[in-house]
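[1] With the sequence up front, the predicted model follows.
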Amino acid sequence: RGQTSERGLCVRPALGKTREMAIVARHAISEDLPNIKELCEVESHILEKHWGPYNIPRLLERNAFSCCAVDDRGAVVGFATLHHFPTVGDFNPSTWLEDASATWKLADMEDLSVSNTMVLTFFFAEHVHEEEVLNEIIRMAFSICSDMKRILLFLPNTNPLFAPLLGNFDPVPLNDGIDAMNVTIGAFCAARGDFMTEMTVRPAMVEDHDDLVPVFKAQKEDAESYGEFFLANMIQSEDEQNKALVAEANGRAMGLLVLTSDVQLSELQKKFELEAYDFMVQNYSEEATSVHDEHVKRVARMRAEHAERIETARKEARAIVQEEFEQYLAERQEEEEENEEEEEGKSPEQVEEERKAKEEADNAERMKQIAEAEEYAVMEVGDFVEDPEPGVNLDLLESNAFFVTLFCLDPVYDCQVDKLLQPAFDLFPDKEYLIMTVPHKAKKSSLMRHFIPVKEKLGGNFSHALYLCHRASLLGPMAITPATPDDRAELLDFLEEDPERDAYTDVLDGKAPGSTVYVARVIGQVAAVARVRRSSAPGTYSKFYELDSFIDSGHYGGDEHLDVENILVNPIFTRSTPGMLKQIMCMSGTCCAYCLLHPLVPIPEYLDFLTILRMRRLQDARFPPDIDPARTGLTTDLKMPPGPPALLHTNFRLLMQPKKDVDTRIVVIGSSDAALSLVEGLVSVPYLTFHRITLVAPGGLPGRLPRFRHDRLNYFDKELLWHGVAGKCGVVEGSLVGLDRQGSTVSVDLDGSGGGVTTIQYDHLVLAPGLRDTFVDS
């Protein structure tokens with residue numbers, strides 16, 4: 001056999017006029033299906049002997065990872081699939097690793113878990129290229145799944161291991177005491193280290209300069225402008241605040257990470273929404289609690305003082321009225337005595353009755369004047385106005401973050417970039433956040449796969465996008481378990497005031513049959529929770545949403561769909577959410593997951609990995625006809641859900657193809673059909689996540705549009721209730737009042753929020769205000 005280089009170039013011994021053939025592995029797509037079928041049909045009888053009965057479309061559809069190998073002429077020369085659990089034997093998808101460990105010595109393997117292990121379920125290649133194809137496919141799998149350490153293979157014992165698997169997969173011995181005669185399946189393993197050169201991390205040295213310059217120049221277009229010895233100077237300037245790490249492989253420096261703790265956070269704290277991350281300062285929670293408690297005490301004291309002033313003012317007003325009224329009565333008494341005349345014809349009883357009536361009238365007048373005086377006195381003091389609670393003075397707290405100032409890495413080792421993170425945190429043991437800022441339109445580096453994007457405040461207009469990584473996110477994969485009543489205290493503490501809190505407790509109390517709560521823990525602490533149930537409406541989803549663009553429902557059973565009713569994740573573990581959902585799907589025996597969200601509810605950042613399904617175009621007041629009932633398995637009596645929600649979807653295949661973050665600032669002016677259709681198209685791209693789309697329109701998104709005639713190109717009213725825009729972009733209620741093309745900014749007059757005019761910066765501006773009938777508006 002020939003040898004395969006690190007980049008997939010097959011080098012064979014010279015035989016006549018043979019030439020080098022480049023084999024490249026890539027994701028298999030539906031368009032590859034005819035070529036894959038043609039490839040496998042040549043030796044279908046042998047493949048059935050090796051893998052059992054197989055169905056190429058089903059393999060392509062249901063397996064988490066499907067890839068094909070093509071030569072330099074574009075011809076498919078190999079095909080393979082991998083999954084999260086074995087598809088042979090009677091393995092339970094939720095406990096397969098424990099079951100396998102009971103038979104084979106898998107427990108002896110270091111750090112073996114379902115989160116870092118996959119299973120090869122099918123492989124075939126042209127014999128002349130089979131060795132190169134296998135190596136390329138396995139290297140591609142390890143590259144894409146950076147957490148994966150091993151690939152397992154399970155085959156019936158009746159089929160001996162065949163080439164090219166023979167020699168690349170090592171047999172896994174049986175556990176002591178297991179009779180080989182009772183085991184019908186053989187287990188084999190391929191480790192990452194056998195196919196990829198392992199990268200190590202060490203402190204940088206000035207001597208690494210010559211190795212690093214080609215890597216730096218390959219990733220920096222303007223590298224020459226930094227100077228000839230820029231990297232050497234950065235490494236040489238290390239001190240307590242500035243550190244540098246080198247990624248080394250085969251004795252050469254292949255990457256550089258330069259860090260500094262000399263970070264000024266004030267500008268970032270003003271421009272970005274960092275409250276969920278304690279504004280990246282130390283002891284923020286304690287200080288915030290102290291400030292709040294002090295504020296409560298101060299307000300209670302001021303309220304008591306205010307009540308005391310009111311009571312004092314009332315007493316003084318009451319005393320003044322009493323004194324003045326007594327004086328008035330005395331003066332009146334003197335006048336009556338001076339003008340007293342004999343009252344003839346009145347009995348003593350009549351005189352006494354008149355006296356009592358006069359006394360009652362005097363008392364009523366006295367009380368009236370006292371009430372008026374007290375009311376005036378209270379008005380003079382004024383109502384109690386509580387001072388707003390002061391914020392924490394962040395300038396007095398020590399920074400809890402350090403900063404990436406430079407990063408470059410040979411692309412061959414991008415899949416091992418996570419090895420740089422823990423050593424980086426070890427250099428700054430008192431810091432919990434590592435942050436990066438990148439230009440909005442810059443290409444994302446491999447390091448950013450482990451960083452969380454931070455939302456920018458309206459009008460922040462910072463020159464770069466901000467990403468952060470928390471130390472705790474490196475503590476290992478989440479441990480997922482179904483919740484039990486014993487977890488109630490931890491769940492309630494994690495959910496705090498979340499509106500879904502009662503729904504979770506109902507599941508624990510058995511009041512929500514069919515629903516299950518899963519708890520994700522990191523080193524024993526709750527990091528995320530999810531409430532799920534088997535979906536009863538996959539047919540409805542297929543009928544009203546473009547689900548068939550992502551799955552072929554004919555390859556899935558009715559009980560293999562999962563509804564995610566709710567999910568809540570600690571923000572620092574956002575990047576771990578796909579792995580969490582993958583494990584939940586395996587444990588529940590499902591293959592597809594759905595999440596329904598009200599269209600006006602923003603989609604949380606930790607659900608960005610899900611794909612928004614577009615609604616099918618609806619005929620006004622009528623449901624769309626079934627396109628192909630034989631394919632979709634739909635019935636004609638399905639009802640439209642009220643107020644079409646936004647439907648998010650994922651499956652095992654999509655989870656293996658992470659989305660790319662896009663920070664390009666796109667500002668759309670107007671809420672016309674054209675504007676909504678554009679934004680809808682952007683947010684529903686399955687392989688991109690747009691973080692900075694802003695839609696500006698008076699009144700925000702429309703509930704309906706004024707329409708004097710129906711146009712099939714326009715949205716109908718029901719479609720306007722969905723369109724998925726509100727959940728995935730920032731909607732600003734306001735009107736465009738200024739445009740600066742040179743500065744790439746728009747000025748927006750905010751509607752009724754008292755915010756006045758704000759400035760929004762853009763990289764791409766879309767003007768689609770639509771047409772308005774000013775006569776109707778007037």
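    Happy to help now that I have it.

[2] What segments of the stretch 51-200 of the chain are strands?
    65-70, 76-83, 117-125, 150-156, 170-171, 185-191, 200-203 (DSSP state E, counting those that start in this stretch).

[3] which residues touch the closest residue to Thr577 other than its chain neighbours?
    Closest residue in space to Thr577, ignoring its immediate chain neighbours: Tyr606 at 4.5 Å, by CB to CB, 6 or more residues apart in numbering. For every residue, glycine as well, the C-beta is placed using N, CA and C. Residues counted as contacts of Tyr606 (CB atoms under 8 Å, 6 or more residues apart in numbering) are Ile567, Val569, Pro571, Phe573, Thr574, Thr577.

[4] Give me the most central residue, the protein.
    The centre of the chain sits closest to Tyr606, judged by CA atoms, centre = their mean, with a distance of 1.7 Å.

[5] among the contacts of Tyr606, which ones are buried?
    The neighbour count (16 or more other CB atoms under 10 Å) marks Ile567, Val569, Phe573, Thr574, Thr577 as buried among the contacts of Tyr606.

[6] quick check, the third one in a helix?
    The reference is to Phe573. Yes. Using DSSP: H, G, I helix; E, B strand; the rest coil, the assignment for Phe573 is a helix.

[7] from memory it sits against Met478, does it?
    Yes. Counting by CB atoms under 8 Å, Met478 is a contact partner of Phe573 at 7.2 Å.

[8] Can you check which residues contact both of these two?
    With CB under 8 Å, 6+ apart, Phe573 and Met478 have common neighbours Ala520, Val522, Ala527, Ala528.

[9] Among the residues you listed, which ones are in strands?
    Ala520, Val522, Ala527, Ala528 (DSSP state E).

[10] May I see those arranged in a markdown table, with distance to Leu491 and neighbour count as well?
    Formatted as a markdown table, those follow (distance: CB to CB, whole Å; neighbours: other CB atoms under 10 Å):
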| residue | distance to Leu491 | neighbour count |
| --- | --- | --- |
| Ala520 | 12 | 26 |
| Val522 | 15 | 20 |
| Ala527 | 12 | 22 |
| Ala528 | 11 | 23 |
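
[11] tally of neighbours for Ala472?
    The local packing of Ala472 (other CB atoms under 10 Å) involves 14 other residues.

[12] tell me the contacts of it?
    Glu432, Val522, Ile572, Phe573.

[13] With adjacent residues omitted, what lies nearest to the second one?
    Counting by CB to CB, 6+ apart, the nearest residue to Val522 once its immediate chain neighbours are dropped is Leu475, at 5.2 Å.

[14] just checking, that neighbour touches Gln525?
    No. Using CB under 8 Å, Leu475 is not in contact with Gln525; the gap is 9.5 Å.

[15] ok, the nearest residue to Ala537 once chain neighbours are set aside - contacts?
    Nearest non-adjacent residue to Ala537, counting by CB to CB, 6+ apart: Asp563, 7.7 Å away. By CB under 8 Å, 6+ apart, Asp563 lies in contact with Val532, Arg533, Arg534, Ser535, Ser536, Ala537, Ala593, Tyr594, Cys595, Leu596.

[16] In strands, which of those appear?
    In strands, defined here by DSSP E, the members of these are Val532, Arg533, Arg534, Ala593, Tyr594, Cys595, Leu596.

[17] Among those residues, find me the one that's closest to Ser290.
    Cys595 (38.8 Å; CB to CB).

[18] Report the separation between the closest one and Ala530.
    10 Å (CB to CB, to the nearest Å).

[19] Give me the more crowded residue out of those two.
    Ala530 (24 against 21).

[20] ok, the more buried one - contacts?
    Per CB under 8 Å, 6+ apart, neighbours of Ala530: Val517, Tyr518, Ala520, Val564, Asn566, Ile567, Leu568, Met580, Leu581, Ile584.

[21] Dump stretch 592-603 to PDB, restricted to CA.
    Written as PDB, here are the backbone C-alpha positions of stretch 592-603 (Å, rounded to 0.1, in the frame of the first residue of the first chain):
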ATOM      1  CA  CYS A 592     -35.300  14.500  15.300                       C
ATOM      2  CA  ALA A 593     -36.000  17.300  17.700                       C
ATOM      3  CA  TYR A 594     -38.400  20.300  17.400                       C
ATOM      4  CA  CYS A 595     -38.900  23.400  19.400                       C
ATOM      5  CA  LEU A 596     -42.000  25.600  19.000                       C
ATOM      6  CA  LEU A 597     -41.600  29.300  20.100                       C
ATOM      7  CA  HIS A 598     -44.100  32.100  20.000                       C
ATOM      8  CA  PRO A 599     -43.100  34.400  17.100                       C
ATOM      9  CA  LEU A 600     -42.600  37.400  19.300                       C
ATOM     10  CA  VAL A 601     -40.300  35.600  21.800                       C
ATOM     11  CA  PRO A 602     -36.600  36.100  21.100                       C
ATOM     12  CA  ILE A 603     -34.800  32.900  20.400                       C
END
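
[22] quick check: mean pLDDT across stretch 147-155?
    Taken as a whole, stretch 147-155 has a mean pLDDT of 93.

[23] So for it, what gets flagged as buried?
    By neighbour count with 16+ other CB under 10 Å, stretch 147-155 contains the buried residues Met148, Lys149, Arg150, Ile151, Leu152, Leu153, Phe154, Leu155.

[24] Name the SS class of the residue nearest to Val378 when sequence neighbours are not counted, please.
    Taking CB to CB, 6+ apart, and ignoring the residues beside it in sequence, Val378 has Ile310 as its nearest neighbour in space, at 5.6 Å. With three-state DSSP as the basis, Ile310 sits in helix.

[25] I'd like to know how many residues surround Ile310.
    Neighbour number of Ile310 under other CB under 10 Å is 18.

[26] ok so, going back, the residue nearest to Ala537 sits in which helix or strand?
    Secondary structure from DSSP states H and E places Asp563 in strand 561-569.

[27] Alpha carbons of that strand, as PDB, please.
    The C-alpha trace of strand 561-569 is given here as PDB (Å, rounded to 0.1, in the frame of the first residue of the first chain):
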ATOM      1  CA  HIS A 561     -39.500  12.700  17.000                       C
ATOM      2  CA  LEU A 562     -38.900  14.800  20.100                       C
ATOM      3  CA  ASP A 563     -40.600  18.000  21.100                       C
ATOM      4  CA  VAL A 564     -38.400  20.300  23.300                       C
ATOM      5  CA  GLU A 565     -41.000  22.000  25.400                       C
ATOM      6  CA  ASN A 566     -38.500  24.100  27.200                       C
ATOM      7  CA  ILE A 567     -34.700  24.300  27.800                       C
ATOM      8  CA  LEU A 568     -32.800  26.600  30.100                       C
ATOM      9  CA  VAL A 569     -29.000  26.800  30.000                       C
END
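
[28] C-alpha coordinates for the helix or strand following it, CSV please?
    Per DSSP H and E, the first helix or strand lying C-terminal to strand 561-569 is helix 577-588. The C-alpha trace of helix 577-588 is given here as CSV (Å, rounded to 0.1, in the frame of the first residue of the first chain):
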residue,chain,number,x,y,z
THR,A,577,-26.2,22.8,24.3
PRO,A,578,-25.9,20.8,21.0
GLY,A,579,-24.1,18.0,22.9
MET,A,580,-26.7,18.1,25.6
LEU,A,581,-29.6,17.7,23.1
LYS,A,582,-27.7,15.0,21.2
GLN,A,583,-27.4,12.9,24.4
ILE,A,584,-31.1,13.5,25.3
MET,A,585,-32.1,12.3,21.8
CYS,A,586,-30.0,9.2,22.3
MET,A,587,-31.4,8.5,25.7
SER,A,588,-35.0,9.0,24.5
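
[29] Which secondary structure elements does helix 577-588 sit against?
    strand 479-482, strand 515-522, strand 525-534, strand 561-569, strand 592-597, helix 652-655 (3 or more CB pairs under 8 Å, 6 or more residues apart in numbering; DSSP states H and E).

[30] Asp278 belongs to a helix, doesn't it?
    Yes. Judged by three-state DSSP, Asp278 forms part of a helix.

[31] pLDDT wise, what is it at?
    So Asp278 comes in at 93 (pLDDT).

[32] try Gly724
    62.

[33] What of the one 4 residues further on?
    As predicted, Lys728 sits at a pLDDT of 79.
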